[in-house]
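Structural data only, the sequence is not supplied:
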């Protein structure tokens, strides 16, 4: 019997849960799809209340919440734990678990087993997996497609990922735009179409020139979610911490901070620290009371130098 967190019921009168057919419908209607990352219960609640369509439990959690230098070290165990928390907070968005590095590359059997963990243990609706980077050989790309096809064949929805694929960043020469030459653009198109043919329900285009994306979109029958790929895609995705101004350091060109939440958080915590150090917090309104008679009895029982046994007062 599965112990996976069930998809919470939508509030009465609220939005209906987003499904894969609904995403396809949004594409056909020309309605942009909104996707964000989330990594825990509070961030999932924010995405829920903002009424986004898709929540990706991205392997970017490695850096944003776990403090790793890249996405490579994060484990499947860690990702399942985070995805479970997100599932508990996301009532209506489609929740997609990002398969981390090492959880699917070795074999199709491993890919299916990892995807099954997301579905059974975390209650995800789908998984995401990266295509081998543009610089990867034909054999690598065939293996990537084979992994996606195997997971789809197991009955698990797959979202693909092409262009800049962070797990292959070292092979790509770093976090660089992909598709700036004719040859690279052809490879991005070939990757996207191969994943579409493998049965993926959607594909992420990352760091691809807008004009290249626009041309490829003419061949895409499934929803395409862009991140640094221009406005021609069917939807957009941004990292939670980038979007809300929680990220430190230089951000990619495609990032826009829609809030400066970190400044507000630091300001609030500094005010808290100041009040604690000044003795202004907690004030009387932040404390609980006790009946004066009960307090006096308590004082008598534990008066200094008087022996007492808590067991005598336990029901």
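That came through, no problem. Here the structure is a predicted model, which is why all the values come from computation and not from measurement.

Give me the neighbour count for the residue nearest to residue 239 when sequence neighbours are not counted.
Nearest residue to residue 239, sequence neighbours excluded (Cβ to Cβ, 6 or more residues apart in numbering): residue 37, at 5.0 Å. For every residue, glycine as well, the C-beta is placed using N, CA and C. By other Cβ atoms under 10 Å, 26 other residues sit near residue 37.

Tell me how far residue 37 lies from residue 128.
11 Å (Cβ to Cβ, to the nearest Å).

Can you give me the end-to-end span of stretch 208-223?
Using Cα to Cα, to the nearest Å, one end of stretch 208-223 lies 16 Å from the other.

Buried residues, it. List them.
208-209, 212-213, 216-217, 220, 222-223 (16 or more other Cβ atoms under 10 Å).

Run through who's touching that stretch.
With contact meaning Cβ atoms under 8 Å, 6 or more residues apart in numbering, stretch 208-223 is reached by 23-24, 26-27, 33, 162-164, 177-180, 185, 188-189, 192-193, 196, 200-203, 205, 224, 226, 228-235.

now that stretch, how far from the centre of its chain.
24 Å (Cα atoms, centre = their mean, to the nearest Å).

ditto for stretch 286-306
So, by Cα atoms, centre = their mean, the centroid of stretch 286-306 is 50 Å from its chain's centroid.

Ok, stretch 152-164 next?
On Cα atoms, centre = their mean, the centre of stretch 152-164 falls 16 Å from the chain's centre.

which of the residues in that stretch are buried?
Buried-residue list, stretch 152-164, by 16+ other Cβ under 10 Å: 152, 156-164.

List the ones among those that fall in helices.
Residues of the buried residues of stretch 152-164 located in helices (DSSP state H): residue 152.

Quick check: of the buried residues of stretch 152-164, which lies closest to residue 115?
Nearest to residue 115 among the buried residues of stretch 152-164 is residue 156, at 4.6 Å by Cβ to Cβ.

Using the three-state scheme, assign the nearest residue to that closest one once chain neighbours are set aside.
Using Cβ to Cβ, 6+ apart and skipping residues adjacent in sequence, the residue nearest residue 156 is residue 115, 4.6 Å away. What DSSP: H, G, I helix; E, B strand; the rest coil gives for residue 115 is helix.
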